[in-house]
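Visitor: What would the 3D arrangement of this be:
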Amino acid sequence: MQAYKLKGKVDNAGNLTVTESLKIPPGDVEIIVLQTVAKIDNATEAKLEVEAELPKKKVEYRTKAFRDLLENAPPVPADFDPEQAKWEYLKEKHNL
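Guide: Residues are numbered from 1 along each chain as shown. Model (predicted):
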């Protein structure tokens, strides 16, 4: 199975329209729809900024195996998109 990432739109009637031309052979396809999320509201964004400025609390770990790794890990950037990270991982895994 080959994967393609395309842009499209859904109209008020619920019809999906692909807004890019496809250069694939005719035949049956399976469609997976990922809806883009609207902007993060300012309250959530402000909360993330405040949390980033707070000093780290000392946390007690039950398991010592990853303690140093977790304590020294850099914070996740505010613009990190987990869906994009998943897509990049899948592209690399399946040689897309």
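Visitor: C-alpha from now on. contacts and neighbour counts both.
Guide: Will do.
Visitor: Low-confidence stretches in this structure?
Guide: Low-confidence segments of the chain, defined by pLDDT under 70, span residues 38-59, 61.
Visitor: ok, 90 please
Guide: For the chain, the stretches flagged by pLDDT under 90 are 1-12, 14-82, 95-96.
Visitor: so the residue nearest the centre of it is in which element?
Guide: When CA atoms, centre = their mean is applied to the chain, the residue found nearest the centroid is residue 83 (1.8 Å). In this assignment (DSSP states H and E), residue 83 forms part of helix 82-93.
Visitor: Pull the residues that contact stretch 11-22.
Guide: Residues external to stretch 11-22 that are found in contact with it (CA atoms under 8 Å, 6 or more residues apart in numbering): 6, 7, 8, 9, 10.
Visitor: could you redo the last one with a cut-off of 10 Å?
Guide: Taking CA atoms under 10 Å, 6 or more residues apart in numbering as the criterion, the residues outside stretch 11-22 that touch it are 4, 6, 7, 8, 9, 10, 33.
Visitor: what about dumping the CA coordinates of it to CSV?
Guide: As requested, the backbone C-alpha atoms of stretch 11-22 are provided in CSV (Å, rounded to 0.1, in the frame of the first residue of the first chain):
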residue,chain,number,x,y,z
ASP,A,11,-18.2,21.4,2.1
ASN,A,12,-21.4,22.1,4.1
ALA,A,13,-23.0,19.0,2.5
GLY,A,14,-20.2,16.8,3.8
ASN,A,15,-18.6,16.2,0.5
LEU,A,16,-14.8,15.8,0.4
THR,A,17,-12.9,17.6,-2.4
VAL,A,18,-9.2,17.0,-3.0
THR,A,19,-7.7,20.4,-3.9
GLU,A,20,-4.5,19.0,-5.4
SER,A,21,-4.1,17.0,-8.6
LEU,A,22,-3.2,13.3,-8.3
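Visitor: roughly how far is that stretch from the heart of the chain?
Guide: Using CA atoms, centre = their mean, to the nearest Å, the distance from the centre of stretch 11-22 to the centre of the chain it belongs to is 22 Å.
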